[in-house]
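K.L.:
One predicted model, sequence on top.
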Amino acid sequence: MSTVAAVVLFTGVIAYAVLGGADYGAGFWDLTAGGAQRGRRPRHLVDESLAPVWEANHVWLVFCLVMLWTGFPAAFAAIMTTLYVPLGLAALGIVLRGAGFAFRKVMVRTDQQRVTGAAFALSSVVVPYFLGAVAGGIASGRVPPGGQGDPLTSWVNPTSVLGGVLAVLVCAYTAAVFLTAEARRHEDADLEAWFRRRSLATAVVTGAVALAGLFVLRADAPRLLDGLLSRALPLVVLSGVCGLTALLLLRRAAPRVVQILAVGAVAAVVGGWGVAQYPDLLGTHTTIAEAAAPAPTLWALTIVAAAALAIVVPAMALLFVLAQRGSLDTSH
Amino acid sequence: MADLTGVAGVLAADPEQLLPARQMMAFTLGFHIILVPFGVAFTAMMLIANWRGLRRDDEAALVLARRWSQVAGVLFAVGAVSGTVLSFELGLLWPGLMGRFGAAFGIPFAVEGLFFFLEAVFVAIYIYGWRRMRPWPHFWTGVPVVLSGIGGTSAVVAANAWMNQPDGFTLDDEGQVVDVRPLDVVFNDAFGYEAVHMLLAAYMVAGFTIAGVYAVGMLRGRRDRLHRLGLVIPLTVAAIATPVQVLVGDIAAREVFENEPAKFAMIEALPETGTRVPEVLGGVLVDGEVRYGIGIPLGASLLAGLDPDTEIQGLDAIPEEYRPADRLVNTVHIAFQVMVGIGMVLLALSAWYAWLWWRRRRQPDRVPDNRWFLRCVALSGVLAIIALEAGWVVTEVGRQPWIVVGYLRTAEAVTTTGNVWLFCGATVALYAALALGTFFVLRLLRHRWREAGELAEDDDPGGEGDVPYGPSRARSGTPA
Ligand code: HDD
Ligand code: HEM
Ligand code: HEM
């Protein structure tokens, strides 16, 4: 039963990494889009494609937190009492980001937009970094079972830095691929090329960092590396294959296909993390079974998750379909 | 909020993080809860306007619904991010609570998550669907928003009710939760009345606040149909909710009397157990004695048990080690009176409204435009918000020193690491910016609408069509 709950939890993590990740990445491109004139069109596209979905995407984070604290309460407390610095900063960043985005859409004057837009874009980069660093801290076993781990080195360490950088890059990559498709839907060839170039660049950089990361892990988190290269190897390979194919097809294939491949690459690598550390929950110790809540709670969670599958997934699908079909009008 | 939380009740022996953690929790919850009514109840009013617009072909009602959906969109976003912070805080500030009782306490939150998903999805569809969806399907996408708002609120309040009257779990000898009965956790004894009371409060807050905005407009001479409708729809909803709310509050008080005697003693500021207890209006507890209050003979006993001989347990019935400090008692006592007092004032306002409405039954336009009435409506929103906050203070401070009544003390649940003051300060600063930003953005919208006039489309080409969510200038094509 506890494994089922862990799978549910990790599915939430994957969904957040993909959907939330694309959101954060869009903020990354917003930040780097250049001055007010030059960056106007990419920013506009980011605004339009993000507006209807960001809140729904963001609920995945809440879902993960709730699954963790209900299904694995002691582990949740351990993580929170150890990694409170990056988590607290991430929470504040999330406020800044959501509010900055919502406010910016109302503003018309460039100078007002600039302030709120900067809040949105900057926190879009900072938040995934912190969340990635948290993942690194957990994966490398720096959260002791009883909590109260080192408040600094638990997230300022090689694996965490790797996690943070990778998170930012992966977000940027997913977003660039999504926005390429979006630009294509709007039949805007310039913008499509703009984002395609960026998809390529981030794909290459992400791949390179991931490879270099293997050496970081060998030195800093050998157990995780072990898992990644044995049990989780199929997923890691799958991720690489998806990523590479997406790169090759970026120019030719339908954007939809590239989108799916990119999602596959991200999902596989995050899933690979989970498989690599199985059966441990806190990286190298505290197994899933040890940390789990009593069975009826896990049942309740599973039922809620099944209900989510039955109700929320169609609803989300409806939202995405309506958005893609252009039934939702988010233009300025 | 600072002085409402009974700072002095934190004893010197308490962990040093307790004070900032409580301040921070109270501040962020107090902030979040103001936004909740707009996500939960305002959306219902928006749908009523939408329905009317479609049914009666009423252009003004449709314009209202569209404008309201934009306001709801902004407030919904702020509500969502401030709620996310709360989720983090439960772990960051109260690891002792989550670590020990997460297996039970968390279940209602999982249910809440489900409703939030639905709410977020359909809010987006509704808000952005104005132009390109057909009118009735578009209307129906708003219905899940209202339903999931009700569901989500009930679920969170279930978590809160569980803290007051915990149920549905078994502890082993070491105090670990070993068995959980999820249905008993969610449907605990305090759930029913707390959930209904909160939902009604949400409808009152949203109703009186929005009506107040239009009342101010009418007082300033804008008496067009838009303003009249904007006044009548929310005010009617709130005026219907108010009498029910007073009844439910009365039930809540009696339930608290039976199941949470310590909280009831704090509400009544009653030093000693006894029968034929007077109801004390105002007054503060100083050194075990209530001063400066006006007593209504037999009042409290009558209210609690409908019988003057009803015995009410006083503070002396609480074991010494759990007895709350006078400051906490006074906080709860005063907060309760503020809530009930405001409830009565709003009840009177609702009755006045009903009377004016009845008196104008033969006039073509039944919307009251009595200036004094409008002035009172203008104030009612603030009063409702104060009552809402006061009610939460009664619930939360009245539970002290427990975080889970009878099982876990707040002082045992609080985090022991980090510097909570810093985190708290950063949050207050950020929320101040958030509040300012929200205010500014709403003013911007109002300004834009005022320029657009009563029935003009707010999205005429070349005009100010740049709106956050929803009705905005179609770039191309006509509505589907
Ligand atoms: C518009 C807001 C509003 C108004 C007018 C009232 N209340 Fe209330 N009250 C709340 C809003 C509220 C709340 C939403 O803030 C609380 C906090 C927790 C809850 O369930 O509802 C609350 C709690 C609360 C509690 C504590 C429940 C508990 O701790 O379990 C009692 C005893 C009452 N109320 C009683 C009343 C009475 C007798 C009222 C009569 C006029 C009244 N309330 C009006
Ligand atoms: C269902 C929702 C809620 C939950 C689960 C909840 C939970 C908590 C928790 C865990 C604490 C800290 C521990 C404690 O002091 O007991 C707390 C304190 C507090 N909360 Fe709530 N709360 C909820 C709703 C609210 C709301 C809406 C308000 C609005 C004003 C509020 C006001 C307070 C205050 C004032 C305190 C501080 C009490 C004190 O320190 O004496 N709560 N709440
Ligand atoms: C009586 C207390 C509460 C009520 C009625 C309530 C209700 C709501 C509602 C209706 C929303 C949707 C946003 C909106 O409409 O503005 C929301 C957002 C949220 N609330 Fe609360 N809430 C309460 C307290 C809490 C507490 C104690 C927590 C967490 C510990 C919490 C966590 C959240 C989260 C995470 C969101 C964001 C969901 C999203 O992303 O859409 N809320 N809340």
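P.N.:
It's in. Ligands and ions are numbered 1, 2, ... in the order given.
K.L.:
how about low-confidence regions in the stretch 201-332 of chain A?
P.N.:
A:253, A:283, A:329-332 (pLDDT under 70).
K.L.:
So which residues on it come close to chain B?
P.N.:
Proximity of the stretch 201-332 of chain A to chain B, by Cβ under 8 Å from any Cβ of the partner chain, involves residues A:293-294, A:296-297, A:299-301, A:304, A:307-308, A:311-312, A:315-316, A:318-319, A:322-323, A:326-332. All C-beta spots, glycine's among them, are computed from the backbone N, C-alpha and C.
K.L.:
Now the buried members of those.
P.N.:
With burial judged by 16 or more other Cβ atoms under 10 Å in any protein chain shown, the buried subset of these is A:293-294, A:296-297, A:300-301, A:304, A:308, A:311-312, A:315-316, A:319, A:322-323, A:327-331.
K.L.:
taking those residues one by one, which sit in helices?
P.N.:
With DSSP state H as the criterion, helices contain A:296-297, A:300-301, A:304, A:315-316, A:319, A:322-323 from among these.
K.L.:
low-scoring stretches of chain B, by residue?
P.N.:
Looking at chain B by pLDDT under 70, you get B:1-13, B:297, B:453-480.
K.L.:
Next to ligand 3, which bits of it? Give me the list.
P.N.:
B:32-33, B:35-36, B:39-40, B:76, B:79-80, B:83-84, B:86-87, B:90, B:116, B:119-120, B:149, B:152-153, B:156-157, B:198 (Cβ under 6 Å from any ligand atom).
K.L.:
From the residues you listed, list the ones also adjacent to ligand 2.
P.N.:
B:33, B:156-157.
K.L.:
With respect to ligand 1, which of those residues is nearest?
P.N.:
B:V157 (6.2 Å; Cβ to the nearest ligand atom).
K.L.:
gap between the helix or strand hosting that closest one and the chain center?
P.N.:
According to DSSP states H and E, B:V157 maps onto helix B:135-164. Distance of helix B:135-164 from the chain centroid (Cα atoms, centre = their mean, to the nearest Å) equals 14 Å.
K.L.:
buried set for it?
P.N.:
B:138-139, B:141-142, B:144-146, B:148-164.
K.L.:
So is that helix next to ligand 1?
P.N.:
Yes. Counting by Cβ under 6 Å from any ligand atom, contacts between helix B:135-164 and ligand 1 involve B:N164.
K.L.:
What is that helix packed up against?
P.N.:
helix B:43-55, helix B:95-128, helix B:182-186, helix B:191-219, strand B:402-404 (3 or more Cβ pairs under 8 Å, 6 or more residues apart in numbering or on different chains; DSSP states H and E).
K.L.:
Give me the helices and strands touching the very next helix or strand once past the first one, please.
P.N.:
On the C-terminal side of helix B:43-55, the closest following helix or strand by DSSP H and E is helix B:59-93. Taking 3+ Cβ pairs under 8 Å, 6+ apart as the contact definition, the neighbouring helices and strands of helix B:59-93 are helix A:54-71, helix A:73-82, helix A:84-106, helix B:18-37, helix B:43-55, helix B:95-128, helix B:225-259, helix B:420-452.
K.L.:
closest one to A:A181 among those helices?
P.N.:
helix A:54-71 (16.3 Å; Cβ to Cβ).
K.L.:
does any part of the closest one sit near chain B?
P.N.:
Yes. Under the criterion of Cβ under 8 Å from any Cβ, helix A:54-71 makes contact with chain B via A:55-56, A:58-59, A:61-63, A:65-67, A:69-71.
K.L.:
Let me have those residues in JSON lines, extended by neighbour count and distance to B:P271.
P.N.:
Below are the residues of helix A:54-71 next to chain B laid out as JSON lines (neighbours: other Cβ atoms under 10 Å in any protein chain shown; distance: Cβ to Cβ, whole Å):
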{"residue": "A:E55", "neighbour count": "26", "distance to B:P271": "50"}
{"residue": "A:A56", "neighbour count": "26", "distance to B:P271": "53"}
{"residue": "A:H58", "neighbour count": "24", "distance to B:P271": "49"}
{"residue": "A:V59", "neighbour count": "29", "distance to B:P271": "48"}
{"residue": "A:L61", "neighbour count": "23", "distance to B:P271": "48"}
{"residue": "A:V62", "neighbour count": "23", "distance to B:P271": "44"}
{"residue": "A:F63", "neighbour count": "28", "distance to B:P271": "47"}
{"residue": "A:L65", "neighbour count": "23", "distance to B:P271": "43"}
{"residue": "A:V66", "neighbour count": "28", "distance to B:P271": "42"}
{"residue": "A:M67", "neighbour count": "26", "distance to B:P271": "46"}
{"residue": "A:W69", "neighbour count": "30", "distance to B:P271": "40"}
{"residue": "A:T70", "neighbour count": "30", "distance to B:P271": "41"}
{"residue": "A:G71", "neighbour count": "31", "distance to B:P271": "45"}
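K.L.:
ok, so of those residues, who is nearest A:E182?
P.N.:
Looking across the residues of helix A:54-71 next to chain B and measuring by Cβ to Cβ, the closest to A:E182 is A:A56, at 16.7 Å.
K.L.:
gap between the closest residue to the closest one other than its chain neighbours and B:A206?
P.N.:
Among residues not flanking A:A56 along the chain, B:A120 sits closest, at 4.3 Å (Cβ to Cβ, 6 or more residues apart in numbering or on different chains). Look at B:A120 and B:A206: by Cβ to Cβ, to the nearest Å, they are 19 Å apart.
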